[in-house]
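Novice: Quick one, what's the 3D model for this:
(chains A and B)
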Protein chains: 2
Amino acid sequence: MNIGILGLGTVGGGVVNVLAKNNAEIKRRTGASIQVTHAAVRDVNQARICPTDHIKLTEDPLTIVNDASIDVVLELMGGTGLAKELVEAALRNGKHVITANKALIATHGNALLALAKSNNVHLLFEAAVAGGIPILKSLEQGLSANQVEMVAGIINGTGNFILTEMRDKGRDFADVLKEAQELGYAEADPTFDVEGIDAAHKLAILASIAFGCELDFDKVSSEGISEVSGEDVAFATELGYSIKHLGIAKKINGQIQMRVHPTLIPKTQLLANVDGVMNAVLVKGNAVGPTLYYGAGAGAEATASAVIADLVDVIKGTVSADVFGWKSLKAVQSQNVNDIESVFYLRLLAKDTTGVLADITSILANHNISVESVVQKQIDAQNNAHIAIITNSVETGDINTAVAEIQEKDFIQAAIKIIHVETLD
Amino acid sequence: MNIGILGLGTVGGGVVNVLAKNNAEIKRRTGASIQVTHAAVRDVNQARICPTDHIKLTEDPLTIVNDASIDVVLELMGGTGLAKELVEAALRNGKHVITANKALIATHGNALLALAKSNNVHLLFEAAVAGGIPILKSLEQGLSANQVEMVAGIINGTGNFILTEMRDKGRDFADVLKEAQELGYAEADPTFDVEGIDAAHKLAILASIAFGCELDFDKVSSEGISEVSGEDVAFATELGYSIKHLGIAKKINGQIQMRVHPTLIPKTQLLANVDGVMNAVLVKGNAVGPTLYYGAGAGAEATASAVIADLVDVIKGTVSADVFGWKSLKAVQSQNVNDIESVFYLRLLAKDTTGVLADITSILANHNISVESVVQKQIDAQNNAHIAIITNSVETGDINTAVAEIQEKDFIQAAIKIIHVETLD
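Specialist: Numbering: from 1, shown residues only, chains lettered A, B, ... in the order given. This is a model prediction of the structure:
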């Protein structure tokens, strides 16, 4: 098999390096010595992280997707413009395509999978979700006996690094973000990571495979971590939780909810102990119960590991002809956001006058919301009380109405913070 | 495809129940409606956990393995006597075999896999290791790009339940074991679970697949948890560790070490936070880095989930013709136990006289062993000091020699306890 790569950057270079260093082991597993024969790059004279002695380099990616001698194209250039055109051309030309491009799959996956199917080739994208963790294969094969009830994942390493540093070192969001950028974890424009768009792309893909529905990125509600304060992190710790930026997809009564937001998780849950840049995905199946998959969500060789795993499946013929049960996927019936049930954390700044807590809890009670735990910090110099509340499980519409009512009270001194809590039970 | 089950107990009954309740989802993934057509049971009149209306029951398992209409046999009866004969007969008769029987695979797997290969059928056993966790598929497919460096797992739920209760509630081993037996977690004869034999079976299988070597159960060194005391658990906690019963396989310079023993793991490691009856396996690949797989290691439906996943792979044709790279497996070159490098925890009971700790550390230093941390508890009523020491990484032969020398000293009041420490870095 001849293999052409589009893009020899971090991931593409990683693929070439891993194929070289693990050639013997991969040959043992596949019976084949896999070699990249062609690669398209922006500038053939640029220095790279991998040797290119045996690779025919070109600056024109079209020559690769149109080369009749190439059987598999690895799309590792990113973006949804040129990458999409090249993937389409490769599929039309009867080539298998393997990609690490979450944005491309999340936004154009339905059409691309249909195109692959009609050309009798595979379009695989294990590396697009949670880097090196074989989560898509686990959902598709390892858990094939299950109806999946929930997928909940820490699927953006940058966000997890920031939240971990805030918790462990008491640092501010802006301060840690700056360090993450210096370390190369976060882009110069951190919006995709920090505001949850990258996680939303991955969640749309996870939900599609877990529940057998079409990809529907537009139905993912997404909230970033830039509004999580040091005070929230400290309150969470005191209440026995860790704050994680979670992507959650659940199927309830035939309806699907997909949401990315900061989430308080009980410290006793394994997910709450996934720290730094690491990723993890919790999957609940109706036969197997809870299972969790943990590993590096990014990095040259970790991502290459997933790309090559797809390649090995193609070469060994261990890809299902109807990968991901694609022919039977249904459109998402998504749940109304107001109907989503969740436990909530509320943080309030209130004048320290008699009866404040009673007022707050009675408004909550009027909306059938009860208080599971409450923590109040020392009164500050402005004579304000800092209060954190954990509610019972309620509908999102109800908590929003109740909080709006509390917000109107004279004794409230700042906007009330609402963060989801997931027990993950 | 017609499917025959040998054994309709916990796992067999679970398979029938899961196939029934998830029929639509499995059909979506496979295009086929999977039904068990035949089952062999000890007593056809016995009450069972699953309905048997559409299953032809027999008390003669030979009729199933010899029935020409049956394509796949699920061996879920256990044991290595009759089960082995039946599996051999089924394979010889050209039937695929799927089993949850770790003892059978660990002790007779080489011959059985060769027999399957020569008959052009599959022998699969995802359920034999870590119950519902798709760890074998992840090693074989998801991590196919990697040279595996280490596998370390909590692969016996009973042992993990006991150690978790000892830690969290300060209970004694014998006391918790009795409860585990009452709860049905531990057998009346708990030897297999508690002395590490069950874990050793699973580790031999994991190592074979991870490193591409033949199964070699006899080369697994195995130590149980019955000698772990409440004092060890308390010291471990104070030093920042959890004690887990770990199965560890490493490949170092072409040699393989396989060992099951109580192990101190830093609390910051995810494995240290896997509690109760749950299982988890940490795999380090040379491309992907550390990855971890967590879930239920036992139970009717969790185990059934893994059995059916194998069945789905057989039906979809997504099993490699040369599953686990079997044709190229080499005999294990196992490492001499004395050469195995490890950090160690030592617990000593010594007379509280001047210079005791200096004497101990100087003997250790004479063997090039340094002390990373040391904790000494209050002197007890007998004027003895309770001391715990964490060493640097040393060879097992050296620590044993040094400890034997310390043991001879007059001030030592009891046998010195040695427990492995794994940083898992």
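Novice: Now do the SS call for A:Arg259.
Specialist: strand (DSSP: H, G, I helix; E, B strand; the rest coil).
Novice: Count residues in the vicinity of it, would you?
Specialist: 24 (other C-beta atoms under 10 Å in any protein chain shown). To be clear about C-beta, it is placed using only N, CA and C from the backbone, and glycine gets the same treatment.
Novice: Leaving aside the residues adjacent along the chain, what's closest to it?
Specialist: A:Ser221 (4.6 Å; C-beta to C-beta, 6 or more residues apart in numbering or on different chains).
Novice: in terms of contact, does the one you found touch A:Asn336 like I think?
Specialist: No. A:Ser221 lies out of contact with A:Asn336 (C-beta atoms under 8 Å); the separation is 10.8 Å.
Novice: Kindly report the domain assignment for chain A.
Specialist: A:3-128, A:135-294, A:340-421 (automatic domain parsing).
Novice: Kindly reformat the ones you listed as CSV containing distance to B:Ala20.
Specialist: Below are these laid out as CSV (distance: least, C-beta to C-beta, whole Å):
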stretch, distance to B:Ala20
domain A:3-128, 30
domain A:135-294, 11
domain A:340-421, 29
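Novice: got JSON lines for these, with mean pLDDT and distance to B:Thr10 too?
Specialist: JSON lines is the format used below for those (pLDDT from 0 to 100; distance: least, C-beta to C-beta, whole Å):
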{"stretch": "domain A:3-128", "mean pLDDT": "95", "distance to B:Thr10": "34"}
{"stretch": "domain A:135-294", "mean pLDDT": "95", "distance to B:Thr10": "14"}
{"stretch": "domain A:340-421", "mean pLDDT": "95", "distance to B:Thr10": "33"}
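Novice: most packed of those?
Specialist: domain A:135-294 (a mean of 22; mean count of other C-beta atoms under 10 Å in any protein chain shown).
Novice: first to last residue in it, what's the distance?
Specialist: Using C-alpha to C-alpha, to the nearest Å, the end-to-end distance of domain A:135-294 comes to 9 Å.
Novice: doesn't A:Asp60 make contact with A:Leu82?
Specialist: No. Checked against C-beta under 8 Å, the pair A:Leu82 and A:Asp60 is beyond contact range at 11.4 Å.
Novice: residues in the stretch 151-300 of chain A within reach of chain B, list them.
Specialist: Proximity of the stretch 151-300 of chain A to chain B, by C-beta under 8 Å from any C-beta of the partner chain, involves residues A:212, A:270, A:273-275, A:280, A:285-296, A:299.
Novice: The stretch 51-200 of chain A: helices as residue ranges?
Specialist: Per DSSP state H, counting those that start in this stretch, the stretch 51-200 of chain A carries helices over the ranges A:61-65, A:82-92, A:102-118, A:135-137, A:157-169, A:173-183, A:191-194, A:197-211.
Novice: Can you lay out those as a markdown table showing distance to B:Ser144?
Specialist: What follows is those, written out as a markdown table (distance: least, C-beta to C-beta, whole Å):
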| stretch | distance to B:Ser144 |
| --- | --- |
| helix A:61-65 | 24 |
| helix A:82-92 | 23 |
| helix A:102-118 | 21 |
| helix A:135-137 | 10 |
| helix A:157-169 | 23 |
| helix A:173-183 | 30 |
| helix A:191-194 | 29 |
| helix A:197-211 | 19 |
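Novice: in chain A, what residue sits furthest out from the centroid?
Specialist: The C-alpha centroid of chain A is most remote from A:Thr354, which lies 44.8 Å away (C-alpha atoms, centre = their mean).
Novice: State the distance from it to A:Ala365.
Specialist: 19 Å (C-beta to C-beta, to the nearest Å).
Novice: residues near the closest residue to chain B within the stretch 301-425 of chain A, how many?
Specialist: For the stretch 301-425 of chain A and chain B, the shortest gap (C-beta to the nearest C-beta) falls at A:Ile308, measuring 3.5 Å. Residues near A:Ile308, counting by other C-beta under 10 Å, number 29.
Novice: doesn't it fall inside a helix?
Specialist: Yes. According to three-state DSSP, A:Ile308 belongs to a helix.
Novice: Quick check: it touching A:Ala20?
Specialist: No. In this structure A:Ile308 lies outside contact range of A:Ala20 using C-beta under 8 Å: 11.3 Å.
Novice: Please read off the pLDDT at the residue lying closest to A:Asp71 once chain neighbours are set aside from the model.
Specialist: Ranked by C-beta to C-beta, 6+ apart and with sequence neighbours excluded, the top spatial neighbour of A:Asp71 is A:Met1, at 4.6 Å. If you check A:Met1, the pLDDT there is 85.
Novice: quick one, what contacts A:Met1?
Specialist: Counting by C-beta atoms under 8 Å, 6 or more residues apart in numbering or on different chains, A:Met1 makes contact with A:Ala32, A:Ile34, A:Asp71, A:Val72, A:Val314, A:Ile315.
Novice: these two touch, right, the first one and A:Leu311?
Specialist: Pointing back at A:Ala32 there. No. Taking contacts as C-beta under 8 Å, A:Ala32 lies outside contact range of A:Leu311: 10.0 Å.
Novice: follow-up on the earlier one: of the helices of the stretch 51-200 of chain A, give the one that comes closest to B:His420.
Specialist: Ranking those by proximity to B:His420 (C-beta to C-beta) places helix A:157-169 first, at 27.9 Å.
Novice: I'd like to know which elements the closest one is packed against.
Specialist: helix A:173-183, helix A:191-194, helix A:230-239, strand A:241-252, strand A:278-285 (3 or more C-beta pairs under 8 Å, 6 or more residues apart in numbering or on different chains; DSSP states H and E).
Novice: residue ranges of the strands in the stretch 301-425 of chain A, please?
Specialist: Per DSSP state E, counting those that start in this stretch, the stretch 301-425 of chain A carries strands over the ranges A:341-351, A:371-377, A:384-391, A:394-395, A:417-421.
Novice: Now render the ones you listed as a markdown table, adding distance to A:Ile248.
Specialist: Formatted as a markdown table, these follow (distance: least, C-beta to C-beta, whole Å):
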| stretch | distance to A:Ile248 |
| --- | --- |
| strand A:341-351 | 9 |
| strand A:371-377 | 20 |
| strand A:384-391 | 17 |
| strand A:394-395 | 16 |
| strand A:417-421 | 8 |
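Novice: For A:Leu183, which of those strands is the nearest?
Specialist: Comparing the strands of the stretch 301-425 of chain A by C-beta to C-beta, strand A:417-421 comes nearest, at 26.3 Å.
Novice: List of residues touching the closest one?
Specialist: Outside strand A:417-421, the residues touching it (C-beta under 8 Å, 6+ apart) are A:227-229, A:232, A:241, A:243, A:246, A:259, A:261-265, A:342-348, A:390-391, A:399-400, A:403.
Novice: run the last query once more with 10 Å
Specialist: A:223, A:227-229, A:231-232, A:235-236, A:239, A:241, A:243, A:246, A:248, A:259, A:261-266, A:340, A:342-349, A:372, A:388, A:390-391, A:393, A:396, A:399-400, A:403 (C-beta atoms under 10 Å, 6 or more residues apart in numbering or on different chains).
Novice: What of stretch A:391-402?
Specialist: With C-beta under 10 Å, 6+ apart as the test, stretch A:391-402 has contacts from A:221, A:257, A:259, A:335-346, A:360, A:363-374, A:416, A:418, A:420-421, A:423.
Novice: ok, now how distant is the residue nearest to the residue of the stretch 301-425 of chain A closest to chain B when sequence neighbours are not counted from A:Tyr241?
Specialist: Counting by C-beta to C-beta, 6+ apart, A:Ile308 lies nearest to B:Ala145, which is 3.5 Å off, once chain neighbours are set aside. Plainly put, B:Ala145 is 36 Å away from A:Tyr241 if you go by C-beta to C-beta.
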